[in-house]
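> Using only what follows, build the 3D model:
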Amino acid sequence: MKTRYKKLFINYKYEIILFVTFIFLRFFELYGRGFVGWDQTDSAWATYRILTQNFFTLQGVPIKGNAGMYLGPLYYYLITPFYFITRMDMSASLFFAGVVSIVSVVIFFYITKQLFDKQTALVSTVIYTFSVGVVAADRIQAAYILIPIISFAFFYCLYRFLTGNEKYLLYAAIVIGFGFHAHFTTVFYLIILLLTLPFFPRTKRTLQYGLYSLLAFAVFTFPLWIPLLFKHAGSNSILSYLSSSNHGFHLVRLWQLRNDAFISFQNIFQLPVLRPLVFLLIPLFAYVLKKSKSEKIIFIYLTVLWVIIPWIAFSMYNGEITDYYFSLPRNLGFMMMGVILVALFKSKNQIIKYFPALLLVVYAAYNLYLFNGLPKGNYLSVTENAKYNLAAHKKLKFIDRDPNYYTYYIYSLRKK
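Next up, the predicted model:
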């Protein structure tokens with residue numbers, strides 16, 4: 001038995017070391033660095049109703065604050081077991097975020113390895129693991145943390161479909177369907193799909209899997225169609241919001257958002273002096289990419305779409321924009337950087353060859369330094385305040401989606 005584990009470690013030592021490091025950075029001081037706020041409390045109340053009232057909901061995460069628009073409910077059902085285990089304590093959100101991050105990095109490693117090779121997957125995952133921006137995001141429980149990995153999975157499925165594997169159209173439809181339970185930016189995948197129609201394989205299997213895909217998409221998204229089909233009040237909110245938030249296309253606005261369009265790549269180039277290099281990432285990647293001519297054209301075309309579609313769409317949007325709205329190409333950035341570094345490592349020039357290893361060491365060290373300086377979270381203070389108020393027999397006024405009131409209420413139930 002010991003020999004078997006020894007061989008397993010020898011064969012997968014780099015993956016194991018990297019995986020352990022990844023878990024450490026996501027779970028170190030989990031409670032002390034844990035944050036709970038509006039999004040986390042929204043999920044907490046939803047799971048509370050599911051667990052205590054046997055409440056079956058078809059209404060998921062609010063699309064935009066209290067605008068009356070909602071995604072599908074799968075996200076709430078995914079987090080419910082964590083609240084069941086923690087007896088509805090908000091620590092469930094911290095553990096859920098950690099587990100999602102683990103699943104995400106496994107998927108990222110697998111897809112990168114399938115698209116390229118093990119070496120590229122390892123290098124890309126090193127960057128992914130140590131990026132302080134990703135570490136901070138992975139520690140927050142919110143539906144939008146699923147955007148990068150859903151986007152990356154859709155990219156892979158669509159690429160495999162466009163390069164001749166028709167069954168991946170069905171997988172792409174499932175990914176899109178699930179995406180509509182996580183974040184409204186999933187709508188960009190439908191636009192991307194339309195823009196790739198000229199590359200669709202013209203076969204009977206495409207038609208066959210196209211029908212399967214429509215069925216799978218309909219099953220996943222039927223909760224979203226109910227307000228429209230039955231003319232629910234929410235349907236008016238959606239239509240009016242879409243109408244009022246669109247100010248049309250303007251080149252000036254597009255230029256203003258140029259940095260936002262590439263903001264997800266800045267998780268790679270942490271130093272401010274290096275950030276202008278984000279605009280060179282795709283051209284450099286295209287230069288070193290080793291694939292057949294047709295596959296290379298499709299790969300680069302998809303990569304450009306992943307950046308330009310959100311960029312154009314949000315240039316026409318007059319509402320509030322946050323950085324994670326542009327996180328669709330984030331994992332593509334880590335993958336592209338991995339491909340570039342591996343290409344340098346294979347150089348015959350000895351100086352250039354060892355530059356990637358030095359760069360990764362410096363990158364990891366600098367991001368660990370930044371990680372050490374990340375601010376503490378509020379989870380411990382929220383729980384301590386709840387315990388103090390209960391001990392002092394103070395009654396808190398209900399505030400919607402306030403973590404302090406939710407925690408106070410849950411702890412008060414435990415004392416009864």
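> rest of the way, CA atoms for contacts and neighbours
Will do.
> In contact with Arg258, which residues?
When contacts are counted by C-alpha atoms under 8 Å, 6 or more residues apart in numbering, Arg258 touches Trp311.
> per-residue pLDDT, it?
Listed pLDDT for Arg258 reads 87.
> Next SSE downstream of the lowest-mean-pLDDT helix or strand in the chain?
The weakest-scoring helix or strand in the chain, judged by mean pLDDT, DSSP states H and E, is helix 233-244 (a mean of 52). Sequence order places helix 251-256 as the next helix or strand after helix 233-244, per DSSP states H and E.
> Give me the mean pLDDT for the helix or strand that contains Phe154.
If you go by DSSP H and E, Phe154 is part of helix 147-162. Here helix 147-162 scores 97 as its mean pLDDT.
> quick one, helices of the stretch 101-250 of the chain?
118-130, 132-138, 147-162, 168-179, 187-195, 204-229, 233-244 (DSSP state H, counting those that start in this stretch).
> As a markdown table, those with mean neighbour count and distance to Lys387 would be great.
Converted to a markdown table, the helices of the stretch 101-250 of the chain look like this (neighbours: other C-alpha atoms under 10 Å; distance: least, C-alpha to C-alpha, whole Å):
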| stretch | mean neighbour count | distance to Lys387 |
| --- | --- | --- |
| helix 118-130 | 22 | 36 |
| helix 132-138 | 20 | 28 |
| helix 147-162 | 22 | 35 |
| helix 168-179 | 24 | 38 |
| helix 187-195 | 15 | 43 |
| helix 204-229 | 16 | 39 |
| helix 233-244 | 14 | 38 |
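> Go through these and name the closest to Asp402.
Of all these, helix 132-138 sits nearest to Asp402, with 20.7 Å by C-alpha to C-alpha.
> Alpha carbons of the closest one, as CSV, please.
Provided in CSV are the C-alpha atoms of helix 132-138 (Å, rounded to 0.1, in the frame of the first residue of the first chain):
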residue,chain,number,x,y,z
VAL,A,132,-3.9,37.3,-5.5
GLY,A,133,-6.8,38.7,-7.5
VAL,A,134,-8.2,35.2,-8.1
VAL,A,135,-7.4,34.1,-4.5
ALA,A,136,-9.4,37.0,-3.2
ALA,A,137,-12.3,36.3,-5.6
ASP,A,138,-12.3,32.6,-4.8
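> tell me which strands and helices that helix is in contact with?
On a contact count with 3 or more C-alpha pairs under 8 Å, 6 or more residues apart in numbering; DSSP states H and E, helix 132-138 meets helix 13-27, helix 91-115, helix 350-372.
> relative to helix 118-130, how tilted is the shortest one?
Counting by axes from the mean of the first three to the mean of the last three C-alpha atoms, to 10 degrees, helix 13-27 points 20 degrees away from the direction of helix 118-130.
> packing partners for helix 13-27?
Helix 13-27 packs on helix 91-115, helix 118-130, helix 132-138, going by 3+ C-alpha pairs under 8 Å, 6+ apart.
> what's downstream of it, the next helix or strand?
helix 30-33.
> List the contacts of that following helix.
The contact list for helix 30-33, computed with C-alpha under 8 Å, 6+ apart, reads 91, 94, 375-380.
> Buried residues, it. List them.
By 16 or more other C-alpha atoms under 10 Å, the buried positions in helix 30-33 come out as 30-31, 33.
> Would you reformat those residues as JSON lines and include distance to Leu396 and pLDDT?
Below are the buried residues of helix 30-33 laid out as JSON lines (distance: C-alpha to C-alpha, whole Å; pLDDT from 0 to 100):
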{"residue": "Leu30", "distance to Leu396": "27", "pLDDT": "95"}
{"residue": "Tyr31", "distance to Leu396": "23", "pLDDT": "96"}
{"residue": "Arg33", "distance to Leu396": "25", "pLDDT": "95"}
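> could the residues you listed go into a markdown table alongside distance to Ser327?
Output for the buried residues of helix 30-33, formatted as a markdown table (distance: C-alpha to C-alpha, whole Å):
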| residue | distance to Ser327 |
| --- | --- |
| Leu30 | 24 |
| Tyr31 | 26 |
| Arg33 | 23 |
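> Looking at the residues you listed, which one is closest to Thr120?
Nearest to Thr120 among the buried residues of helix 30-33, with distances taken as C-alpha to C-alpha, is Leu30, at 30.2 Å.
> Tell me how far the closest one lies from Thr185.
In this structure, Leu30 and Thr185 are 29 Å apart, going by C-alpha to C-alpha, to the nearest Å.
> ok, now Lys6?
Counting by C-alpha to C-alpha, the gap from Lys6 to Thr185 is 45 Å.
> more crowded one of those two?
Higher neighbour count among Lys6 and Thr185: Thr185, with 21 against 12, using other C-alpha atoms under 10 Å.
> export stretch 97-108 as CSV, just CAs?
What follows is stretch 97-108, C-alpha atoms only, in CSV (Å, rounded to 0.1, in the frame of the first residue of the first chain):
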residue,chain,number,x,y,z
ALA,A,97,-16.7,29.4,-2.0
GLY,A,98,-13.7,27.2,-1.2
VAL,A,99,-15.3,24.1,-2.6
VAL,A,100,-16.3,26.0,-5.8
SER,A,101,-12.8,27.2,-6.2
ILE,A,102,-11.4,23.6,-5.9
VAL,A,103,-13.9,22.4,-8.5
SER,A,104,-13.0,25.3,-10.7
VAL,A,105,-9.3,24.7,-10.7
VAL,A,106,-9.7,21.0,-11.4
ILE,A,107,-11.9,21.9,-14.4
PHE,A,108,-9.3,24.6,-15.5
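> re the thing from before, least confident pick among the contacts of helix 30-33?
Within the contacts of helix 30-33, pLDDT is lowest for Pro375, at 88.
> got a list of what that residue touches?
Arg33.
> Helix, strand, or coil at it?
With DSSP: H, G, I helix; E, B strand; the rest coil as the basis, Pro375 sits in coil.
> gap between it and Gly32?
10 Å.
> cool, and Gly373?
In terms of C-alpha to C-alpha, Gly373 sits 13 Å off from Gly32.
> Likewise for Gln208?
52 Å.
> Repeat that for Phe180.
In terms of C-alpha to C-alpha, Phe180 sits 32 Å off from Gly32.
> quick one on the thing from earlier: tabulate the helices and strands packed on helix 13-27 in CSV, adding columns for distance to Ile351.
Listed next are these as CSV, based on distance: least, C-alpha to C-alpha, whole Å:
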stretch, distance to Ile351
helix 91-115, 27
helix 118-130, 19
helix 132-138, 28
